[in-house]
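Q: Have a look; sequence and predicted model below, questions after that.
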Amino acid sequence: MPKRMSSLRCLSPRGLALLVALAAGPALAVPAWSQDAPPPETKTKVKPKVPKGKGGGGAAQGAGGTTAAPAAPPTLLIDADMSCTVMIDGDKTYKVKANEITKIQVPVGEHLLKATSDDGKKSLEQVVKASGSGTMVVQLNLSTAVAAANPEEFDRAAARVCLGLSDLLIAGQYAGSILNKSWGFHDKNLSTAIFTAQQFLKREMDEFKKFTPNDPGRQRIATELARAATDADKYVDLLTKAISAAQQANSWLGEPMNMYGQAKALEQSIVPVAPIMEEMKRSGAFVAAVPPDRHPLLGLPRDPKDFDFGALAYMSTPQLLATVQKGGMAENMGFKAGDKLISAGGKPVTSLAEFKQMLRTGGKLSVTYERGGKQETKDMSASFGK
């Protein structure tokens, strides 16, 4: 037997097994008598949990996976020129001192701010859009803001606007009486009367706009008076253009007459619609703000202290007889449209209403009035019948 075979026989069973393993290759070179080694330890990366939300997104994370602090809400810097109370979105209220910055934090979005002065006389509303986390300066100019929505003050202001509208209609009647005369469109007093009435209405409308009514009824009144005032501006524009065109053409025919017709067609539109007038007439403050001699003109019952004189005067120029009714008391006393009252019984006359009360005393009065730039004095008396 060869020597090599003899050597193999000398190996123990364990040594023989080892020899066979080595001959099989390095991959099998493991001691046959040892236990299997545990598998090598591997580290598995665990994904952090993400809060559920839109698009799977969550809170912002900074370096190292830390969550950033939530953004601060936007801040309003309220700067008011009068000490006031500010209400936001009809909910929370804040005291604001005049000319001192007050910081108020609000959520992102639009917010309605309502400020009321400490004396209760001024009020305004303002919509503010807050975005991001920064600051926003909000100026509250209460000194030039609307008057607080006091119902009685609103009604008195509405009465003044109605008087302004009626003044404009009176001016239109006066213009009609002049234009019916030959070459009446050359009368210098014509445009002056219309312009004066328009300016009176404009002033009263500007004051009226400072009131913001809270109840639906007065909101309807505000809307209707604004509409009537807009039509009144159109009326004046057409009327003055008609007069100007007639003066340039030295004729009332053609285009001047056409524009005058368009103006006349707007007169009904200047009067507030009946339902609105009914709402206003239910207010004691409105009725009290209308002079007694204007009650019939605004659809109110005639005041017991007043009487039909057959003449009307402007609120802006209360001494001027803008219209004189044919066959009425004023005409029978010798007055004509355009006459300006100066004095009666030795006392100055400041308005037609005052003059009518002087006539109430009865008897003759020495009346001085101006006509065509000249003053005249006559003894007059009024006949009231039985």
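A: Sure thing, it's come through.
Q: average pLDDT across the helix or strand harbouring Arg220?
A: In this assignment (DSSP states H and E), Arg220 forms part of helix 216-249. Here helix 216-249 scores 94 as its mean pLDDT.
Q: now swap in stretch 335-348 and tell me
A: Stretch 335-348 comes out at a mean pLDDT of 94.
Q: before we move on, back to that, tell me what the helix holding Arg220 is packed against?
A: Secondary-structure packing of helix 216-249 (3 or more CB pairs under 8 Å, 6 or more residues apart in numbering; DSSP states H and E): helix 151-179, helix 188-208, helix 255-265, helix 267-270, helix 274-281. C-beta: built from backbone N, CA, C; applies to glycine.
Q: deepest of those, which one?
A: Most buried of the helices and strands packed on helix 216-249 by mean neighbour count (mean count of other CB atoms under 10 Å) is helix 151-179; its value is a mean of 22.
Q: Compute the inter-axis angle for that one and helix 216-249.
A: 20 degrees (axes from the mean of the first three to the mean of the last three CA atoms, to 10 degrees).
Q: Can you report phi and psi for the residue lying closest to Glu125 once chain neighbours are set aside?
A: Nearest residue to Glu125, sequence neighbours excluded (CB to CB, 6 or more residues apart in numbering): Lys114, at 5.0 Å. When quoted as degrees, to the nearest 10, the phi and psi of Lys114 stand at phi -120, psi 120.
Q: Output stretch 306-315 as PDB, restricted to C-alpha atoms.
A: The C-alpha coordinates for stretch 306-315 follow below in PDB (Å, rounded to 0.1, in the frame of the first residue of the first chain):
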ATOM      1  CA  ASP A 306     -98.700 127.700   8.200                       C
ATOM      2  CA  PHE A 307    -100.800 128.800   5.300                       C
ATOM      3  CA  ASP A 308    -100.700 128.800   1.600                       C
ATOM      4  CA  PHE A 309     -99.000 132.000   0.500                       C
ATOM      5  CA  GLY A 310     -98.800 131.000  -3.200                       C
ATOM      6  CA  ALA A 311     -95.000 131.500  -3.300                       C
ATOM      7  CA  LEU A 312     -91.900 129.400  -2.600                       C
ATOM      8  CA  ALA A 313     -88.300 130.300  -1.600                       C
ATOM      9  CA  TYR A 314     -85.100 128.400  -1.600                       C
ATOM     10  CA  MET A 315     -83.500 127.000   1.600                       C
END
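Q: who's in contact with that stretch?
A: 163-164, 167, 170-171, 173, 193, 196-197, 200, 291-297, 302, 319-325, 327-332, 335, 351-352, 356, 359-360, 384 (CB atoms under 8 Å, 6 or more residues apart in numbering).
Q: Any of the residues you listed buried? List them.
A: Among the contacts of stretch 306-315, those classed as buried by 16 or more other CB atoms under 10 Å are 163-164, 167, 170-171, 173, 193, 196-197, 200, 291-295, 297, 319-324, 329-330, 335, 351-352, 356, 359.
Q: And stretch 367-376, what's buried?
A: Buried residues in stretch 367-376 (16+ other CB under 10 Å): Val367, Thr368, Tyr369.
Q: From Gly372, how far out is Lys122?
A: Computed as CB to CB, to the nearest Å, the Lys122 to Gly372 distance reads 48 Å.
Q: The residue nearest to Glu125: neighbour count?
A: When neighbours are counted by other CB atoms under 10 Å, Lys114 registers 17.
Q: And it, how far from Ala145?
A: 11 Å.
Q: what is in contact with those two at once?
A: By CB under 8 Å, 6+ apart, Lys114 and Ala145 have these common neighbours: Ser123, Leu124.
Q: got any ranges where the stretch 251-386 of the chain has weak pLDDT?
A: Within the stretch 251-386 of the chain, the segments meeting pLDDT under 70 span 385-386.
Q: What ranges does it have for its strands?
A: Taking DSSP state E, counting those that start in this stretch to define them, one finds strands in the stretch 251-386 of the chain at 311-313, 321-324, 340-344, 347-348, 365-371, 374-380.
Q: who does the first one pair up with?
A: Each strand paired with strand 311-313, and its direction, by DSSP bridges: strand 321-324 (antiparallel).
Q: Please enumerate residues in contact with the strand it pairs with?
A: Residues contacting strand 321-324 (CB under 8 Å, 6+ apart): 170-171, 173-174, 177, 193, 310-314, 330-331, 335-341, 352.
Q: Pull out the buried positions in stretch 120-140.
A: Lys122, Ser123, Leu124, Val128, Ala130, Val138, Leu140.
Q: For the closest residue to Thr116 other than its chain neighbours, list each beta-bridge partner.
A: Distance criterion CB to CB, 6+ apart; nearest residue to Thr116, sequence neighbours excluded, is Ser123 at 4.8 Å. As for beta bridges, Ser123 partners with Thr116, Val146 under DSSP bridges.
Q: Make TSV out of the strands of the stretch 251-386 of the chain and add distance to Met277.
A: Below are the strands of the stretch 251-386 of the chain laid out as TSV (distance: least, CB to CB, whole Å):
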stretch	distance to Met277
strand 311-313	19
strand 321-324	21
strand 340-344	30
strand 347-348	35
strand 365-371	34
strand 374-380	35
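Q: From Met257, how far out is the closest residue to Ala263 other than its chain neighbours?
A: Distances taken as CB to CB, 6+ apart place Leu238 nearest to Ala263, at 3.8 Å, with adjacent residues excluded. Note on Leu238: its distance to Met257, by CB to CB, is 12 Å.
Q: With Arg220 instead?
A: From Arg220 to Met257 the distance is 37 Å (CB to CB).
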